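[1] no sequence for this one, just the structure:
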């Protein structure tokens, strides 16, 4: 009952249970072997000193660019000077003939500020952000995106940002699945709270739902995010920004690495939903920003079945939203 099954009818797969991502690696195999050996051995008096020595070795750092492997990694190198980065900028006509030898990022940005229009400057910042994300994806997950993929993501982000600035109707979705007070590990149950609001903070809809046979907080947060996305599809919303306070789930969904972990099927289901709506965004926010959804999740554990409100919500949720709107007005005044 607690095995996370895919809603897509995905095929079964083998996973390596000794790593969090379910993928075999020499490091995880070595850690498993050490764990098995320690079960049959007593502790050694010098183990602490040995661990400290190994930590010093593993902490040694090399500042060479992990992409081109030929120059020191600096901010201006990653975002502009690297040969792999040049392939990205070379596909954007306005930057095609720019020089590459800026000595630091400030010099690059100052020149952009004097030569570019506001829209071009905003696009440049978005492209740099995509390039930096590509660098992180390669370093931490071993994936390297093509220049066209980087540009496509940057253009999508830029379009969404422009729509928000110009007041194009959209919706901001604040979702919260379950934290320690909503997820009961011993009983395997959780509460889902979803609050959907427009760009001005007005309530579009809300949802509370209890769920059983949940084995971890990560799985609980994943179920909440999945239900929030399905709820927005049911409401017919196209431009949605999802905000969740479970960073591990947000990072897992936004990553392009195949997830072979125990909850990988659930993450893949969420990714598929998100991929169907290119303008959907998913970001991490702290719980203090997610107060209304947190209130909804706390209420959900007391419900016997899922309940939905359109342009309304439980009185506790409405009060939380009203308090937030009043607070924002006081800050702006």
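    Noted; the coordinates are in hand. Owing to the predicted nature of the structure, the values given are computational and were not obtained by experimental measurement.

[2] just so I have it, where are all the helices in the chain?
    Ranges of helices within the chain are 26-38, 47-58, 75-76, 83-89, 105-115, 118-141, 147-165, 217-235, 247-254, 264-275, 291-300, 315-332, based on DSSP state H.

[3] Let me have those in CSV, extended by mean pLDDT.
    Below are the helices of the chain laid out as CSV (pLDDT from 0 to 100):
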stretch, mean pLDDT
helix 26-38, 78
helix 47-58, 60
helix 75-76, 92
helix 83-89, 94
helix 105-115, 92
helix 118-141, 90
helix 147-165, 77
helix 217-235, 87
helix 247-254, 88
helix 264-275, 86
helix 291-300, 86
helix 315-332, 78
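
[4] Could you report the pLDDT at residue 73?
    We have a pLDDT of 90 for residue 73.

[5] For it, the count of nearby residues, please.
    Using other CB atoms under 10 Å, residue 73 has 17 other residues around it. For every residue, glycine as well, the C-beta is placed using N, CA and C.

[6] Over to residue 90?
    Neighbourhood size, residue 90 [other CB under 10 Å]: 13.

[7] how close does it sit to residue 83?
    Per CB to CB, to the nearest Å, residue 90 is found 10 Å from residue 83.

[8] cool, residue 300 as well?
    Counting by CB to CB - residue 300 and residue 83 are separated by 52 Å.

[9] Between those two, which is the more surrounded one?
    Comparing residue 300 with residue 83 by other CB under 10 Å, the one with more neighbours is residue 300, at 27 against 13.

[10] Provide a list of residues in contact with the more buried one.
    182, 190-193, 208-210 (CB atoms under 8 Å, 6 or more residues apart in numbering).

[11] So for the closest residue to it other than its chain neighbours, what pLDDT did the model give?
    Spatial nearest neighbour of residue 300, chain neighbours left out: residue 191 (3.1 Å); criterion: CB to CB, 6 or more residues apart in numbering. Residue 191 is assigned 85 on the pLDDT scale.

[12] This structure - how does it break down into domains?
    With domains defined by automatic domain parsing, the chain comprises 75-165, 171-332.

[13] Of those, which is nearest residue 24?
    domain 171-332 (9.2 Å; CB to CB).

[14] now that closest one: how far from the chain's centre is it?
    Chain-centre distance of domain 171-332: 13 Å, with CA atoms, centre = their mean, to the nearest Å.

[15] which residues sit in contact with residue 209?
    191-192, 227, 300, 303, 305-307.

[16] end-to-end on stretch 295-309?
    15 Å (CA to CA, to the nearest Å).

[17] go on, stretch 86-101?
    Span of stretch 86-101 from end to end, CA to CA: 11 Å.

[18] same deal with stretch 111-127?
    Start-to-end, stretch 111-127 (CA to CA) is 16 Å.

[19] Return the set of buried residues in stretch 298-308.
    298-301, 307 (16 or more other CB atoms under 10 Å).

[20] One more: stretch 142-153?
    145, 147, 150-151, 153.

[21] For residue 19, state which of those is nearest.
    Residue 19 lies nearest to residue 145 out of the buried residues of stretch 142-153, by CB to CB, at 23.4 Å.

[22] Find the nearest non-adjacent residue to the closest one, please.
    Nearest non-adjacent residue to residue 145 (CB to CB, 6+ apart): residue 134, at 4.8 Å.

[23] For the one you found, list the residues it contacts.
    144-145, 150.

[24] Ok, residue 309 next?
    Residue 309 touches 205-207, counting by CB under 8 Å, 6+ apart.

[25] who's it bridged to?
    residue 206 (DSSP bridges).

[26] can you tell me how far it sits from residue 110?
    Counting by CB to CB, the gap from residue 309 to residue 110 is 51 Å.

[27] in stretch 211-223, what's buried?
    Those would be 211, 214-223, for stretch 211-223 by 16+ other CB under 10 Å.

[28] Let's have the residues you listed in JSON lines, adding distance to residue 290.
    Listed next are these as JSON lines, based on distance: CB to CB, whole Å:
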{"residue": "211", "distance to residue 290": "19"}
{"residue": "214", "distance to residue 290": "19"}
{"residue": "215", "distance to residue 290": "23"}
{"residue": "216", "distance to residue 290": "20"}
{"residue": "217", "distance to residue 290": "15"}
{"residue": "218", "distance to residue 290": "17"}
{"residue": "219", "distance to residue 290": "19"}
{"residue": "220", "distance to residue 290": "15"}
{"residue": "221", "distance to residue 290": "12"}
{"residue": "222", "distance to residue 290": "16"}
{"residue": "223", "distance to residue 290": "16"}
